[in-house]
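# sequence first, then the predicted structure:
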Amino acid sequence: MARVDFWDDPNAPFPTSIVPSVTAVVVRDGHLLLIHKVDNDRWALPGGGVDRGESAVHAAVRETAEETGLDVEVTGLVGVYTDPRHVMRYDDGEVRQQFSVCFRAEPIGGSLRPQPGETSAARWVPVNDLAALDIHPSMRMRIDDGLAWRPGTPARFT
């Protein structure tokens, strides 16, 4: 399903839903774990919707495994991103208002691979190479916050 992001756009459609979602900032040896999303053709942190009956932490672990093949352990809360000026329109007509909880996580196992149909690539990207990638500004904010995060750092709330 295709997706178009609107951020601070006065012509953006009005949201029809809010779906809690999660992302995970996973760093190893100066490299950041990223996925290339099929729905909007951009690079992003692994993540997705929180399913009924699961916690946000479990969703972050599950989504990272599904989208990248890697098992992770959540180590902290980076932030909660709920900017109502960021909406996503899907080709089925749904328009979601952003509601994303971003975690920091450490890799603990698994084998790197993309998730067919959802991600066209899963890669360890050198942090110094991020500027060359097509990353939505709201995702880049989470990445920057996650890279700056250290244990004891206060979470960001937007």
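Great, that's in hand. Residues are numbered from 1 along each chain as shown.

# and the contacts of the host helix or strand of Gly76?
Take DSSP states H and E as the rule and Gly76 turns out to sit in strand 70-81. Contact with strand 70-81 is made by 24-26, 33, 57, 60-61, 64-65, 98-112, 122, 138, 141-142, 145-146, 149, 151, 153, 155-158, as judged by Cβ atoms under 8 Å, 6 or more residues apart in numbering. To be clear about C-beta, it is placed using only N, CA and C from the backbone, and glycine gets the same treatment.

# just the ones of those in strands?
24-26, 33, 100-110, 122, 156-157 (DSSP state E).

# list buried residues within these.
24-26, 33, 100-105, 107, 122, 156 (16 or more other Cβ atoms under 10 Å).

# just flag the most distant two among those.
Ala122 and Arg156 (25.3 Å; Cβ to Cβ).

# what pairs with the residue nearest to Met141 when sequence neighbours are not counted across the strands?
Spatial nearest neighbour of Met141, chain neighbours left out: Tyr81 (7.3 Å); criterion: Cβ to Cβ, 6 or more residues apart in numbering. Taking DSSP bridges as the rule, Tyr81 bridges to Ser100.

# what kind of secondary structure is Asp129 in?
helix (DSSP: H, G, I helix; E, B strand; the rest coil).

# quick one: terminal-to-terminal distance for stretch 110-125?
17 Å (Cα to Cα, to the nearest Å).

# no wait, stretch 126-145
16 Å.

# ditto for stretch 83-98
6 Å.

# give the buried residues for it.
Quick answer for stretch 83-98 (16+ other Cβ under 10 Å): His86, Val87, Met88, Arg89, Tyr90, Val95, Arg96, Gln97, Gln98.

# grab the nearest non-local neighbour of the last one.
This means Gln98. His86 (4.0 Å).

# state the distance from that neighbour to Ser138.
5 Å (Cβ to Cβ, to the nearest Å).

# what do the two both touch?
Between them, His86 and Ser138 share the contacting residues Asp5, Trp7, Gln98, judged by Cβ under 8 Å, 6+ apart.
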